[in-house]
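Enquirer: Everything below, folded, please.
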Amino acid sequence: MKRWALVILLLATGTLLTLAVGVRDVPLAALWQAILAPDPQNPDHVTILWIRAPRLAAGLVAGAALGMAGSVMQALTRNPLAEPGILGVNAGASLAIVLGALLLGATDHGMMTALAFPGAALAAVAVFAIGGGLSGDAGPIRLTLAGAAMNALLLSLVHGIVLMRADTLEVARFWVVGSLSSAIERPVGAMSLVVLGGGLIALAIAPRLEALSLGSSLSRGLGVGPRMAQAQALVAVTALTGAAVSVAGPIAFLGLMVPPLARRIGGHVLRLELLAAAALGAAFLLIADTAGRLIFAPAEIRAGIMTALLGGPVFVLIARRLKPGEQA
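Expert: Model (predicted):
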């Protein structure tokens with residue numbers, strides 16, 4: 001219970017910091033007044049309700065989605081290095097959106113959001129197939145190398161498109177490095193429903209993923225078909241990652257940092273781990289975003305850069321602890 005209390009406290013802290021702290025600090029009294037009796041003439045209330053509240057909503061949705069997606073991917077692959085950014089799923093969604101802007105002239109946020117999901121799905125399937133997941137021999141290192149290669153390929157395509165077509169530069173800037181700064185323009189409400197759906201799928205298939213961790217033979221003996229469970233997990237990851245990218249762009253390493261902590265809180269019970277990952281992912285993203293707004297204020301470091309700065313050392317630490325052929 002103490003660990004869950006710390007999770008709730010961390011999420012509450014991230015929420016409060018997002019609303020009250022920034023280039024223009026807002027007193028707590030004004031924060032409560034803005035919530036209970038908003039005044040459109042009060043600049044503090046306008047800052048909270050029209051700038052920071054959408055940013056908070058985007059951080060909650062994207063952070064929870066990426067935290068859960070990372071936990072599902074690590075459970076599916078038994079790979080502590082698996083996460084949407086490292087395995088190229090974020091980059092797949094970004095490439096699909098940039099291609100849509102280039103080939104279809106898609107600038108409507110709804111259409112651009114819809115493009116994120118097939119891009120994320122194709123990238124996830126490709127990495128899983130190349131890494132040996134379909135044949136059941138995907139070790140952590142092999143899958144990570146396949147994901148890193150796919151991620152580099154997809155991001156190089158995004159940069160190539162930007163170099164060829166300068167008119168896509170403004171579109172691509174958001175889809176290369178994630179940020180919460182454009183939250184008011186993003187379909188946060190619709191994507192929260194997608195995250196809810198993806199989260200419910202993940203919770204429903206959690207016992208099957210736990211059975212898969214015992215190996216293909218034992219999981220079949222328990223009545224769990226590996227291919228079906230893998231397909232359902234990919235659906236959940238696609239929904240969660242596509243929604244997160246639609247709201248905040250590609251936020252790297254968040255899905256890597258959160259699952260190990262969530263496992264400690266959930267006691268290696270995957271359903272509890274997923275709930276903890278959702279709360280921790282949202283809290284970490286909100287805190288990283290706030291830190292990025294304060295370090296060089298009034299300039300802003302994007303949230304995707306902040307999570308990469310934190311996640312890079314975590315990635316190296318986990319990789320160094322892995323033994324050859326080891327699976328998590």
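
Enquirer: Okay, helices next: where are they in the stretch 151-300 of the chain?
Expert: Here the stretch 151-300 of the chain has its helices, by DSSP state H, counting those that start in this stretch, at 169-176, 188-212, 216-221, 226-248, 254-266, 270-294.

Enquirer: May I see the buried residues of the fourth one?
Expert: Of the residues in helix 226-248, 226, 229-230, 232-248 count as buried by neighbour count, 16 or more other CB atoms under 10 Å. Heads up, the C-betas are built off the backbone N, CA and C, glycines and all.

Enquirer: mind listing what L294 touches?
Expert: V21, G22 (CB atoms under 8 Å, 6 or more residues apart in numbering).

Enquirer: From R293, how far off is I51?
Expert: 11 Å (CB to CB, to the nearest Å).

Enquirer: Which one's more surrounded, the two?
Expert: For I51 versus R293, neighbours defined as other CB atoms under 10 Å are more numerous around R293 (25 against 16).

Enquirer: my guess is that one contacts A299, does it?
Expert: No. The pair R293 / A299 is not scored as a contact, 9.0 Å apart, by CB atoms under 8 Å.

Enquirer: Take the helices of the stretch 151-300 of the chain and lay them out in TSV including distance to V316 and mean pLDDT.
Expert: Shown next, in TSV, are these (distance: least, CB to CB, whole Å; pLDDT from 0 to 100):
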stretch	distance to V316	mean pLDDT
helix 169-176	23	63
helix 188-212	27	91
helix 216-221	31	62
helix 226-248	23	85
helix 254-266	11	90
helix 270-294	18	94
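
Enquirer: how about those helices in a markdown table, adding distance to L153?
Expert: Listed next are the helices of the stretch 151-300 of the chain as a markdown table, based on distance: least, CB to CB, whole Å:
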| stretch | distance to L153 |
| --- | --- |
| helix 169-176 | 14 |
| helix 188-212 | 25 |
| helix 216-221 | 29 |
| helix 226-248 | 17 |
| helix 254-266 | 20 |
| helix 270-294 | 26 |
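
Enquirer: I am finished for the moment; much appreciated.
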